[in-house]
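**Q** Need a 3D model of the following:
(2 chains)
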Amino acid sequence: MDRQSFFEGLKDTLELEEKVSEETQIHLTSLSTLAIIAYVDENFEKRVKVADLKNVGTVSDLMDLIGRDKFS
Amino acid sequence: MINFHNSIIMNNPFSLKGKNIVITGASSGIGRQCALQCSEMGAGIIAIGRREEKLKKLLLQLRGSNNLIYVQDITKYDELESLVSDAFTKLGPLDGFIHSAGIELTMPLVTMNHRHYETLFATDVIAGFELARLISKKKYVNPAGGSIVFIASVMGITGDIALTAYCSGKGALIAGMKAMALELAPKKIRVNCISPAYIEDTEVTENTLAYLSEEGKKERLARHPLGYGRTTDVATGCIYLLSDAARWITGTNLIIDGGYSAK
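**A** Alright, predicted model coming up:
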């Protein structure tokens, strides 16, 4: 998936106000956790667990979790 | 009083002896347990599922020889009548149906699209209603009457975050059941739902709990005054609704939830 589409999809999914970049902070709530899990599953066919997201503080962390090789 | 007692022992009102019961989702969980327990109560079982190995294993555990298994994707609606017809040909008139097949979908509304609803409704609702339509046909159902049980959920009457599709699917079963109960009463076919809360050791519960933190899991358990349920709790309810003991029960949603919805 190309990075720009990923950022735009994430902005939409998390209903963020500002433009998303790798530096964007991710604040996890129970709902945003589920939204991220669903977003990753739909776009990368990868099922991340709640525990996996504990160390995700930024979009960059999330991209590392998904796997950098999945992005163009 | 003594005559009544003897009568109860000799004529067990919960017996399913001689009844042929169709069960979807029979490969695992609640459906599988229903198959095993209905068989213990004397029923012939027509078990439908997607996993051949699990169905074959189930067949070996059922009592007697009046049992059939069908490996079938129940969302292939055009194939369902030939399955029902085949079961009728081999075992005779059909007496009951438990729709236990269902999929779970934990997804916040913002991540949903129409395809998610269509996929869930196909299995959880439409397949169940289609099989009920076929099984209740005069040419297949026992002329003395029958009993249909849809396994719904307390989620069909309460609600929870990230479960819009699942809750609405279960709610659809509850609403559709009432309409069906009224329409099929002249044929002496009773139609009811069972609405469980969280049942341990089922794929639906495991999938839903997988999304929770440890704290979330504790909170979920705490919602059940009597703790999580077991598949046998639901199967026992099905036996009751399928049996002659429930002769006068139709259009009802039997809540078996450990007190979940009492709060």
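**Q** Just list the residues touching residue 22, thanks.
**A** You didn't pick a chain, so chain A it is. Taking C-beta atoms under 8 Å, 6 or more residues apart in numbering or on different chains as the criterion, A:E22 is in contact with A:T58, A:V59, A:S60, A:M63. (C-beta placed from N, C-alpha, C; glycine too.)
**Q** that answer is for a different chain, and I need it for chain B
**A** B:I46, B:I48, B:V84, B:A87, B:L94, B:G96, B:F97, B:I98, B:L131, B:I135.
**Q** Run the contact check for the helix or strand bottoming out on mean pLDDT in chain A versus chain B.
**A** Ranking every helix and strand in chain A by mean pLDDT, DSSP states H and E puts helix A:30-44 at the bottom, with a mean of 91. Yes: Helix A:30-44 lies within reach of chain B by C-beta under 8 Å from any C-beta of the partner chain, at A:S30, A:L31, A:T33, A:L34, A:A35, A:I37, A:A38, A:Y39, A:E42.
**Q** so which residue of chain B comes closest to chain A?
**A** Per C-beta to the nearest C-beta, B:T111 is where chain B lies closest to chain A, at 3.9 Å.
**Q** Please list all residues in contact with the residue nearest to that residue when sequence neighbours are not counted.
**A** The shortest distance from B:T111 to any non-neighbouring residue, by C-beta to C-beta, 6 or more residues apart in numbering or on different chains, is to A:A38 (3.9 Å). By C-beta under 8 Å, 6+ apart, the contact set of A:A38 is A:T13, B:T106, B:M107, B:P108, B:T111.
**Q** Does A:S32 touch A:E15 like I think?
**A** No: at 9.1 Å, A:S32 and A:E15 do not qualify as touching, with contact defined as C-beta atoms under 8 Å.
**Q** Comparing the two, which shows the higher neighbour count?
**A** Higher neighbour count among A:S32 and A:E15: A:S32, with 18 against 9, using other C-beta atoms under 10 Å in any protein chain shown.
**Q** and the more buried one, how far is that from A:F71?
**A** According to C-beta to C-beta, to the nearest Å, A:S32 and A:F71 sit 21 Å apart.
**Q** out of the residues of helix A:30-44 next to chain B, which are buried?
**A** Among these, those classed as buried by 16 or more other C-beta atoms under 10 Å in any protein chain shown are A:S30, A:T33, A:L34, A:A35, A:I37, A:A38, A:Y39.
**Q** residues near B:T236, how many?
**A** Neighbours of B:T236 (other C-beta under 10 Å): 17.
**Q** Quick one: the strands in chain B, in order.
**A** B:20-24, B:44-49, B:68-71, B:96-99, B:146-151, B:189-196, B:253-256 (DSSP state E).
**Q** Take those strands and lay them out in CSV including distance to B:A222 and mean pLDDT.
**A** Output for the strands of chain B, formatted as CSV (distance: least, C-beta to C-beta, whole Å; pLDDT from 0 to 100):
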stretch, distance to B:A222, mean pLDDT
strand B:20-24, 32, 98
strand B:44-49, 33, 98
strand B:68-71, 39, 98
strand B:96-99, 30, 98
strand B:146-151, 24, 98
strand B:189-196, 17, 98
strand B:253-256, 19, 98
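**Q** Of these, which is nearest B:N11?
**A** strand B:146-151 (17.7 Å; C-beta to C-beta).
**Q** so how far is that closest one from its chain's centroid?
**A** 7 Å (C-alpha atoms, centre = their mean, to the nearest Å).
**Q** picking that back up, check the contacts of A:E22 one by one and keep those near chain B.
**A** Counting by C-beta under 8 Å from any C-beta, no member of the contacts of A:E22 is near chain B.
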